[in-house]
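1. Build me a model from this:
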Amino acid sequence: MFDKTTVKLYRRLLSYIAPYKAMIALTIFMLLAIAAMEPATAAILKDLVDRSLIEKDPDSFLLLPLLLAGVFIVKGVAEYFSKVASQWLAQKAILQIRADMHRKMQYLPLAKFQQYSTGTLMSKITYDVAQTSNALSEAWIVIIRDSLIVLALFGYMLSISWELTLLMLLVGPIVAWVIDKASKLMRQSSKHMQTNMGQLTHQLEEGLVGYRDIKLYGAENYEQNRFHSTASTLFKHSMRVTKVSALNVPLVQVLAALALSAVIYIAMQMSAQNAFTPGELLSYITAMALTFEPIRRLTNINITIQKGMAAAESIFELLDQAEEKNEGCLKPNIKGQITFNTLVFCYPQVSKPAINQLTFTIPAHKTTALVGQSGSGKTTLVNLIAGFYQPNSGEILLDDVQLNEIELNYLRQHIAFVSQNVVLFNDSIRANIAYGHDEFDEQAIIQAAKDAHAWEFIERLPQGLDTTIGDNGAMLSGGQRQRIAIARAFLKNAPILIMDEATSALDNQSEAMIQQAMEKLRQNRTVIIIAHRLSTIENADQIAVMEHGELKELGNHQQLLALNGLYAGLYQQGALDERSSGI
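-> Prediction:
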């Protein structure tokens, strides 16, 4: 049950309750009281037989029943406080574990974060943490309390007859071997259960997000079969754990019962030879019988420990991931000139560079459009600017300062980002526009909404800025959601603005409004645009044409058309036309 890996994991798990030393001390004190009451019960029964029934001692008639009642009162009070205290400790630990996991998710590097599915992360923070709950609240209590009870009872039994007690102990190695075999089987199946639960949660999340697509493509049966397959595998591993657990406990009890039967037989023979008083014989048999329940609980708690340790492995695998590096310490005055010098970047486990020997400059306070077919490296480049990835070689300079020398949070404070995949939260419009900031007053929020041409529909809503917009802005149209995201960028008022297909969800009328807003937003600001619509690109101060991660052409709209090169070809083919589907 307790191999080196289990001990190491359990110690780490218990470190979450270690700061609450007073509560731990109270719990252990109560467990000692419970353990002391077990042999006290057997001892009282001995005196009841020998003193009250045989010797007819009148003093024992009142004293012994009072003592017996006192034992159960002390035991009941101790059990109450130990249970409440252990649950308090467990819930405090779970609170901290979930907080640590949530924090870790926030600070993972983007590349590592993308390796996890949403369902897997959700399963870790919900199901896996819940599996550790019993290991934190129940398992260590059972181990300490019932081990103390067994030791106390065996100590009492040794005081009566050490020969019989040693005979009882012969079954110990066999019981330990059975528990060890069961532990290994349950740990393996529990690990499979963690994996299956992550897959199940992921499939459920996909089904909820893709609800419309599932119906439109008639994929209900496909999704049901996929979900049923994963659920069936989870059922199989759950039943394997149940079967091992169900066999483990009665097998141990049978072994203990056989040992008990042998001891009772020998004890009866010894009693017939006056080696025991009647009270001692009854007391000894009672003490032996009292060991059955704590032994059963110690055996049964094995499944709780193995499930908890499998979950702990999953939790600590996430917590042990390296966080996003933030080695920069400079906080320069940022104007917004960005220079790329022979920049190379490859995604992990991909041999072909996504950015290859890229060299050019994005001038400060100018608008630069990035153009190229899908996979040309446009989005990768802006992710590098925002510090989501680190280049393999070459350098990025921001106002002649190495980008990796700038403190990361400070850098991102000076970048506003509007993506084609708008992310809104199930909160008020006010909270979504001012997301991440508490310092903006209502007038600043309203002005940002006006600048993004969002105020015209916000003021018509019954609750205005306080309107809750649903999951990812489900209560808004695509164009409205996009304008809320753009208003968020206006409010941030950062010197660098990155827009990745930011107007892709807007109709012509809405885009015209945004173009007006963009003219204002471009003033004294470095703007980087990834877009396919000609109306967005043609007014840029410079256009960088990319292909396979390399810079192919650089200039403004007229200059690139005059080159009659790649840009002109894209333009003539309609790849930059307003009717096109994107690059």
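2. need the contact list for G308.
-> Y10, L13, Q131, T132, S133, N134, A135, L136, A139 (C-beta atoms under 8 Å, 6 or more residues apart in numbering). Any C-beta I mention is one placed from the backbone N, CA and C, and that applies to glycine too.
3. can you map out the helices along the stretch 251-400 of the chain?
-> 278-319, 378-385 (DSSP state H, counting those that start in this stretch).
4. Tabulate those in CSV, adding columns for distance to V150 and mean pLDDT.
-> CSV is the format used below for those (distance: least, C-beta to C-beta, whole Å; pLDDT from 0 to 100):
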stretch, distance to V150, mean pLDDT
helix 278-319, 5, 82
helix 378-385, 60, 90
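5. With distance to V423 added, can I get those in JSON lines?
-> Output for the helices of the stretch 251-400 of the chain, formatted as JSON lines (distance: least, C-beta to C-beta, whole Å):
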{"stretch": "helix 278-319", "distance to V423": "22"}
{"stretch": "helix 378-385", "distance to V423": "15"}
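6. To N493, which of those helices lies closest?
-> Evaluated with C-beta to C-beta, the helices of the stretch 251-400 of the chain place helix 378-385 nearest to N493, the distance being 18.1 Å.
7. So which residues make contact with the closest one?
-> Contacts for helix 378-385 (C-beta under 8 Å, 6+ apart): 110, 338, 340, 343, 345, 354-355, 358, 370-372, 389-391, 396, 403, 415, 417, 496, 498, 500, 528, 530, 546, 549, 583.
8. Now, the contacts of G308 that are in strands?
-> Judged by DSSP state E, strands contain none of these.
9. Pull out the buried members of these.
-> Y10, L13, Q131, T132, S133, N134, A135, L136, A139 (16 or more other C-beta atoms under 10 Å).
10. Was I right to think the fourth one contacts S314?
-> Okay, so that is T132. No: counting by C-beta atoms under 8 Å, S314 is not a contact partner of T132; they are 9.5 Å apart.
11. out of the contacts of G308, which are inside helices?
-> Secondary structure of the contacts of G308 is defined by DSSP state H; positions in helices are Y10, L13, Q131, T132, S133, N134.
12. want to throw those into JSON lines with pLDDT and distance to G76?
-> Below are the ones in helices among the contacts of G308 laid out as JSON lines (pLDDT from 0 to 100; distance: C-beta to C-beta, whole Å):
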{"residue": "Y10", "pLDDT": "86", "distance to G76": "29"}
{"residue": "L13", "pLDDT": "88", "distance to G76": "29"}
{"residue": "Q131", "pLDDT": "83", "distance to G76": "30"}
{"residue": "T132", "pLDDT": "87", "distance to G76": "29"}
{"residue": "S133", "pLDDT": "85", "distance to G76": "25"}
{"residue": "N134", "pLDDT": "81", "distance to G76": "23"}
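13. Which residues are in contact with D100?
-> So, once contact is read as C-beta under 8 Å, 6+ apart, D100 ends up touching L319.
14. Quick check: it vs N134, distance?
-> 19 Å (C-beta to C-beta, to the nearest Å).
15. swap in Q224?
-> Taken as C-beta to C-beta, the span from Q224 to N134 is 32 Å.
16. do A364 as well
-> 59 Å.
17. For W455, grab the count of nearby residues.
-> Counted with other C-beta atoms under 10 Å, the neighbours of W455 add up to 19.
18. Below-threshold pLDDT in the stretch 101-250 of the chain: ranges please.
-> 167-194, 197-198, 202, 205-217, 241, 244-249 (pLDDT under 70).
19. Which residue ranges of it form helices?
-> Using DSSP H, counting those that start in this stretch, helices in the stretch 101-250 of the chain cover 110-113, 118-123, 129-134, 140-160, 162-169, 172-209, 211-216, 220-272.
20. ok so, going back, now the ones in helices among the contacts of G308 as TSV including distance to E442?
-> Shown next, in TSV, are the ones in helices among the contacts of G308 (distance: C-beta to C-beta, whole Å):
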residue	distance to E442
Y10	52
L13	47
Q131	46
T132	44
S133	43
N134	48
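21. Can you tell me which of those is nearest Q203?
-> Among the ones in helices among the contacts of G308, and counting by C-beta to C-beta, the member closest to Q203 is Q131, at 19.8 Å.
22. Skip the chain neighbours and tell me the closest residue to that closest one.
-> Excluding the flanking residues, the one nearest Q131 by C-beta to C-beta, 6 or more residues apart in numbering is A311, at 3.5 Å.
23. what does R145 give?
-> R145's closest residue in space is L31 (C-beta to C-beta, 6+ apart), at 4.4 Å.
24. tell me the secondary structure for that neighbour?
-> helix (DSSP: H, G, I helix; E, B strand; the rest coil).
25. Count the neighbours of L370 for me.
-> Neighbours around L370, by other C-beta under 10 Å: 25.
26. For it, give its distance to A544.
-> Going from L370 to A544 by C-beta to C-beta gives 5 Å.
27. Then R483?
-> On the measure of C-beta to C-beta, R483 and A544 end up 27 Å apart.
28. So for those two, which residue has more residues nearby?
-> In this view R483 and A544 are compared by other C-beta under 10 Å, and R483 has more residues nearby, 31 against 25.
29. Spell out which helix or strand contains the more buried one, please.
-> helix 478-492 (DSSP states H and E).
30. Next, the buried residues of that helix.
-> For helix 478-492, using 16+ other C-beta under 10 Å, the buried residues are 479-492.
31. what about it, average pLDDT?
-> The predicted model assigns helix 478-492 a mean pLDDT of 83.
32. Dump it to PDB, keeping only the CA atoms.
-> These are the backbone C-alpha positions of helix 478-492, laid out as PDB (Å, rounded to 0.1, in the frame of the first residue of the first chain):
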ATOM      1  CA  GLY A 478     -21.100  38.800 -34.300                       C
ATOM      2  CA  GLY A 479     -20.500  42.500 -35.200                       C
ATOM      3  CA  GLN A 480     -21.600  43.600 -31.700                       C
ATOM      4  CA  ARG A 481     -19.200  41.200 -30.000                       C
ATOM      5  CA  GLN A 482     -16.400  42.400 -32.200                       C
ATOM      6  CA  ARG A 483     -17.100  46.000 -31.400                       C
ATOM      7  CA  ILE A 484     -17.100  45.300 -27.600                       C
ATOM      8  CA  ALA A 485     -13.600  43.700 -28.100                       C
ATOM      9  CA  ILE A 486     -12.400  46.700 -30.000                       C
ATOM     10  CA  ALA A 487     -13.800  49.000 -27.300                       C
ATOM     11  CA  ARG A 488     -11.700  47.100 -24.800                       C
ATOM     12  CA  ALA A 489      -8.600  47.900 -26.900                       C
ATOM     13  CA  PHE A 490      -9.600  51.600 -27.100                       C
ATOM     14  CA  LEU A 491      -9.900  51.800 -23.300                       C
ATOM     15  CA  LYS A 492      -6.500  50.200 -22.800                       C
END
